[in-house]
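**Student:** build me a model from this:
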Amino acid sequence: MRKSCRFRVLFFVLMILVLTAVQVLAEKAPGHYLDAERYTLANGLTVIVKNKPSGGQVLVNMWIRTGSYYEEDQYSGIAHFLEHMVINRGTENIAPGDLPRAVDRIGGEQNGSTRYDTTNYYIQGGSGDLGEMLELIAEMCFRPTFAQDQIDEERPVIEEEILRGQDNAGQQLFDATMAEIFKGTNYSRSIGGTNETVGNCDSQAFRDFHGWYYLPNNMILILTGDVHSAEVMPLVKEVFGDFAAGEVPAAPEANVVIPSKPVVLKVECADLEPGTALAKMVFYIPRTKVRESAALDLLAEAYCGGSYSILKEAYASSKDISSIDCIYYEFRRAAMFMFDVSGPASKISSFERNLKTSVSRLFNQVEKSRFESAKQRLETWVAFAAETLAGMANMIGAAEINGDIEYYQKYLQAIDDLSASEVKDIAKKYIDPKSYILVIYYNPAS
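**Tutor:** Numbering: from 1, shown residues only. Below is the predicted model of the structure:
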C-alpha cells in the first residue's frame, strides 16, 4: 500500500444465526479501535462496524483485495477501468449514469479508488439512508453489467487519464522508478495501464476479472459513523448474505531482483520547466513487521519530516539541491525507501553524491530532541487521520488488508517504544548504500 508524503495513506461489522464469527476489538487496549466490531458472514464477507458520533453521518466503505498488481499483462489497467465502469456505466438495476444521481438524491457523496493491492468504493450520507447506501454498494460491487457499448464510451475517459499522467513529469518519474526497482513483477506497471492494454479490455475480460476477485470472501465492508452493529447487522446480512463465495486465484509472486550495484538512469524530459530536474533514489525493502515499519516511518520523519528535520536543514541553503524528502512506501508484498530531490538541471551531476551523503547520515543516531519531535508528528498524524470517517475507514481497511485489525494500535505502541538506537539498527539492516536505483529526469536550460 502506497503512503503519500511520509505516511501510510492508510491510504484503512448481530445476529448469531447469520454470522460465522464475531470479535469485539481491543476493549481495553489504547488506540483508535475501541468498540469496533468485526464479523464474518457465512459467505466470507468481512464486516467491521465502528460507531463514531458524527452528526448523523455514516460512511459505507467496501474494500476488495485486488488492484493493478493482480492483472494479466495484456489487460494492465483493467482494475482501474473496472472501477470506472462500476460507478459510471450501469448495473443490473441502475441505468448508466444513474448511480451518482442516486447518491445526490440522498445528499450523499461517493467515489472509488484503485491501488496496486486494493480497490475500494465508498458512499457517505445520513444514517437514515443507510439501507439505500448498502443497496447501492451491493449493486456496484456485485451486479455491474459491463455492456460493450458502455465500455467503449468509458474508454476515452481512461485514455485521457493515461495521457495526463504521461504529460506529468512527476508521474513519469514515479512510474519509471517503479518499473526499475520492481522490474519483472506486477508492481513495475502503472496502475492506469496503457492505451494498448486498456484497448484490450472487452466485456469478457471485465467479467472474468470481476468474477475472479469481486467475491464476498475477498471483500471487507466497513461501516463507520452513527451506526450500531445491533441495528445494522441484520440489514447487512439481508443485503449481502446471498452473494456466493468463490475461489480467489492465487496472487502472483513479487520476486524482486535486488541490484548488486547502483543503477543510475538519466532521462531528458521536456515536460519539466527548462533548467530544472527531479530525481528519486530508491532502496528495495522486503515486507516488514509492524515495529520495523514504524521504525522506517520514524527514520523518514526524523530526516525529512519537517522544517526541523535533519536533511531539510542540511540542504536549506544548498545550490545543488532545491528540495529533499524521504518516504517509506509499503505495498502488500514489497516495500521501498525513497529519496525525492529537485534542483537545477545544471547540477544533476551532484545529485548522486549528495544523496549518497544523505543515505550515510541515516546510520547516525538521531539526537533526542529531533527524535522525539518526529515521534510526536507521527502520533499526531494518526490521531488527525482517525478524526474523519474516511480516515478512520482507511485505517481500518488498511489494517484488515494487512491481516491485523489492531495494526495501528501496535504501530502507535511501536512509535512510543522505539529508541533512536534501534531505529539506527533497523536502517542498517534494510538500507544497503551500495544497492540502489537512481532515476533523474531533467530539462536543460534553453
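
**Student:** which pLDDT value belongs to residue 329?
**Tutor:** At residue 329, the model reports a pLDDT of 94.

**Student:** would you mind writing the CA trace of the strand or helix carrying it as CSV?
**Tutor:** Here residue 329, judged by DSSP states H and E, is contained in strand 323-330. What follows is strand 323-330, C-alpha atoms only, in CSV (Å, rounded to 0.1, in the frame of the first residue of the first chain):
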residue,chain,number,x,y,z
SER,A,323,14.2,20.3,-2.0
ILE,A,324,14.6,16.9,-0.5
ASP,A,325,12.2,14.4,1.1
CYS,A,326,12.4,10.8,2.1
ILE,A,327,9.5,8.4,2.2
TYR,A,328,8.8,4.8,3.2
TYR,A,329,6.4,3.2,0.8
GLU,A,330,4.8,-0.1,1.8
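
**Student:** please name the strands paired to the helix or strand just after that strand in the sheet, noting orientation.
**Tutor:** Note on strand 323-330: by DSSP H and E, the next helix or strand toward the C-terminus is strand 335-344. Here strand 335-344 is paired, per DSSP bridges, with strand 276-285 (antiparallel), strand 323-330 (antiparallel).

**Student:** for those, which one ends up most surrounded?
**Tutor:** strand 276-285 (a mean of 23; mean count of other C-beta atoms under 10 Å). Yep, even glycine has a C-beta here, placed from its N, CA and C like the rest.

**Student:** now that strand: average pLDDT?
**Tutor:** Here the average pLDDT along strand 276-285 is 97.

**Student:** ok, back up a step: got JSON lines for the strands paired with strand 335-344, with distance to residue 441 too?
**Tutor:** Output for the strands paired with strand 335-344, formatted as JSON lines (distance: least, C-beta to C-beta, whole Å):
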{"stretch": "strand 276-285", "distance to residue 441": "5"}
{"stretch": "strand 323-330", "distance to residue 441": "14"}
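
**Student:** the ones you listed: which one's closest to residue 86?
**Tutor:** Across the strands paired with strand 335-344, the minimum distance to residue 86, taken as C-beta to C-beta, is reached by strand 323-330, at 26.5 Å.

**Student:** residue 312 and residue 304, how far apart?
**Tutor:** 6 Å (C-beta to C-beta, to the nearest Å).

**Student:** overlap in contacts, those two.
**Tutor:** Common contacts of residue 312 and residue 304 (C-beta atoms under 8 Å, 6 or more residues apart in numbering): residue 324.

**Student:** the two: which is more packed in?
**Tutor:** residue 304 (23 against 16; other C-beta atoms under 10 Å).

**Student:** in three-state terms, label residue 266 for me.
**Tutor:** Three-state call for residue 266 (DSSP: H, G, I helix; E, B strand; the rest coil): strand.

**Student:** wait, what's in contact with it?
**Tutor:** 348, 440, 442.

**Student:** ok, residue 112 next?
**Tutor:** Neighbours of residue 112 in contact, by C-beta under 8 Å, 6+ apart: 83, 86, 87, 119, 120, 121, 122.

**Student:** what would those residues look like in a markdown table with distance to residue 299?
**Tutor:** Compiled in a markdown table, the contacts of residue 112 are given as follows (distance: C-beta to C-beta, whole Å):
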| residue | distance to residue 299 |
| --- | --- |
| 83 | 34 |
| 86 | 39 |
| 87 | 38 |
| 119 | 30 |
| 120 | 29 |
| 121 | 34 |
| 122 | 32 |
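
**Student:** next step: those restricted to helices.
**Tutor:** Among the contacts of residue 112, DSSP state H puts 83, 86, 87 in helices.

**Student:** against residue 257, how distant is residue 183?
**Tutor:** 7 Å.

**Student:** what about the two, which has more around it?
**Tutor:** Counted by other C-beta under 10 Å, residue 183 and residue 257 do not tie: residue 183 has more neighbours, with 14 against 11.

**Student:** does the nearest residue to residue 121 once chain neighbours are set aside count as helix, strand or coil?
**Tutor:** In space, and not counting its chain neighbours, residue 121 is closest to residue 112: 4.3 Å by C-beta to C-beta, 6 or more residues apart in numbering. When classified by three-state DSSP, residue 112 comes out as strand.

**Student:** residue 151: which of the strands paired with strand 335-344 is closest?
**Tutor:** When the strands paired with strand 335-344 are ranked by proximity to residue 151 (C-beta to C-beta), strand 323-330 comes first, at 32.0 Å.

**Student:** now do the phi/psi pair for residue 106.
**Tutor:** phi -100, psi 10 (degrees, to the nearest 10).

**Student:** for it, what are its contacts?
**Tutor:** 125, 126, 129, 132, 133.

**Student:** so who does residue 189 touch?
**Tutor:** Contacts of residue 189 (C-beta under 8 Å, 6+ apart): 68, 71, 73, 76, 178, 179.

**Student:** which residues in the stretch 101-250 of the chain form helices?
**Tutor:** Taking DSSP state H, counting those that start in this stretch as the test, the helices found in the stretch 101-250 of the chain are 130-142, 148-166, 169-181, 195-199, 203-213, 229-240.

**Student:** reformat the ones you listed as a markdown table; add mean pLDDT.
**Tutor:** A markdown table is the format used below for the helices of the stretch 101-250 of the chain (pLDDT from 0 to 100):
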| stretch | mean pLDDT |
| --- | --- |
| helix 130-142 | 97 |
| helix 148-166 | 96 |
| helix 169-181 | 96 |
| helix 195-199 | 97 |
| helix 203-213 | 98 |
| helix 229-240 | 96 |
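
**Student:** out of those helices, the one nearest residue 37 is which?
**Tutor:** helix 229-240 (4.9 Å).

**Student:** skip the chain neighbours and tell me the closest residue to residue 309.
**Tutor:** Counting by C-beta to C-beta, 6+ apart, the residue nearest residue 309 is residue 303, at 5.7 Å.

**Student:** what about the one you found, which SS state?
**Tutor:** helix.

**Student:** was I right to think it contacts residue 310?
**Tutor:** Yes - between residue 303 and residue 310 there is a contact at 4.8 Å, judged by C-beta atoms under 8 Å.

**Student:** give me the common contacts of the two.
**Tutor:** Contact criterion C-beta under 8 Å, 6+ apart; residues shared by residue 303 and residue 310: 361, 366.

**Student:** more neighbours, the two?
**Tutor:** residue 303 (27 against 20).

**Student:** for residue 296, see how far away the more buried one is.
**Tutor:** 11 Å.

**Student:** also residue 52?
**Tutor:** 29 Å.

**Student:** got the domain boundaries for the chain?
**Tutor:** Following automatic domain parsing, the chain resolves into domains at 16-240, 263-443.
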